[in-house]
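Chemist: next one to model:
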Amino acid sequence: MTDLWSRLAGRRPLIMGVVNVTPDSFSDGGAFLDPAVAIAHGEALARAGADVLDVGGEATNPRAAPIGAAEEIDRVVPVVAGLASRGHLVSIDTTKAEVARAAVAAGAAIVNDVSGGRFDPDIFAAATGAAAYIAGHLRGASIGEVFAREGRDAGPPPSWTEVRDELAERLAAMPPGLADRTLVDPGIGFGKGSDPSTNVALLRHAGDIGRALGRPVVVGPSRKRFLARILGLAAGSADMSVLDAATVGACLLAVSSGVNVLRVHNVALLSAGLIVYTEE
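Modeler: Down below sits the predicted model:
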């Protein structure tokens, strides 16, 4: 616990490297499904500059198939245990309390929940055994519902002030003590669609959200649809190297606002950008 929070107090934002142990993640599904390959990938991300390794076993995109807790546990626990035993700071990316408990028991220090407790309220209790909890912002009771809200009949996406206020509600719903160990995530792309203005406003004001709530802020713009739209690229056909370069720009915008943690796929590229950006 001390290690995470002491790192957060440092001058440079932390980098959270993505380790997708899934067959259907939007950019690297299937590449790291084998536990040994996923562990090797996590170690490579750490060598490239990742401070935290975020292990996920269920994809959170509109085309991915939902899975049960048992299957998700089978995917992530060997990877979490392998990386934690090698001395890495590991996060478990899940919305399920059962998965969070199993991952924390295997060595995960952080529970990263994109739903902020909306999908499974028991995850708050499961997260009390971790050093930290990340509460993401979205609207809806499932991933399917979140992305269905982006349809033609949906209302406008939330403003950054609405995101701030709804994250405040999530903090208030937590059991005593957990809010003090929580980082907030404005949920770039989750229910905000590919609209550039909404997502860029969240990046520009992410630090304002953190300061208003008195909590560190995590953002995850990596390879998101709004970046492709800004660049004028067709959805689903963008070159990942181009999206990774755009991700660095999005991350630096967030850093300028006061963000504490950046969740990305291409750690080496962001690490290089941050070294130059934070050089004095």
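
Chemist: where along the stretch 101-250 of the chain do the helices fall?
Modeler: Assigned helices in the stretch 101-250 of the chain, in chain order: 123-127, 143-148, 160-172, 196-213, 225-230, 240-257 (criterion: DSSP state H, counting those that start in this stretch).

Chemist: quick one: list the elements packing against the first one.
Modeler: When contacts are defined as 3 or more CB pairs under 8 Å, 6 or more residues apart in numbering; DSSP states H and E, helix 123-127 packs onto helix 97-106, strand 110-113. Quick note: C-beta positions are derived from backbone N, CA and C, even for glycine.

Chemist: show me the shaky parts of the stretch 151-280 of the chain.
Modeler: Scanning the stretch 151-280 of the chain for pLDDT under 70 picks out 151-154, 235, 280.

Chemist: for V55, which non-adjacent residue is spatially closest?
Modeler: V19 (4.7 Å; CB to CB, 6 or more residues apart in numbering).

Chemist: burial measure for that neighbour, as a count.
Modeler: Residues within reach of V19, counting by other CB atoms under 10 Å, total 30.

Chemist: for the helices of the stretch 101-250 of the chain, which one ends up most surrounded?
Modeler: Highest mean neighbour count among the helices of the stretch 101-250 of the chain (mean count of other CB atoms under 10 Å): helix 123-127, with a mean of 22.

Chemist: re earlier: who are the neighbours of the host helix or strand of the residue nearest to V55, in terms of helices and strands?
Modeler: Assigned by DSSP states H and E, V19 belongs to strand 14-20. Applying 3+ CB pairs under 8 Å, 6+ apart, one finds that strand 14-20 makes contact with helix 35-48, strand 52-56, strand 261-264, helix 267-277.

Chemist: can you list the strands that it pairs with?
Modeler: Using DSSP bridges, the strands paired with strand 14-20 are strand 52-56 (parallel), strand 261-264 (parallel).
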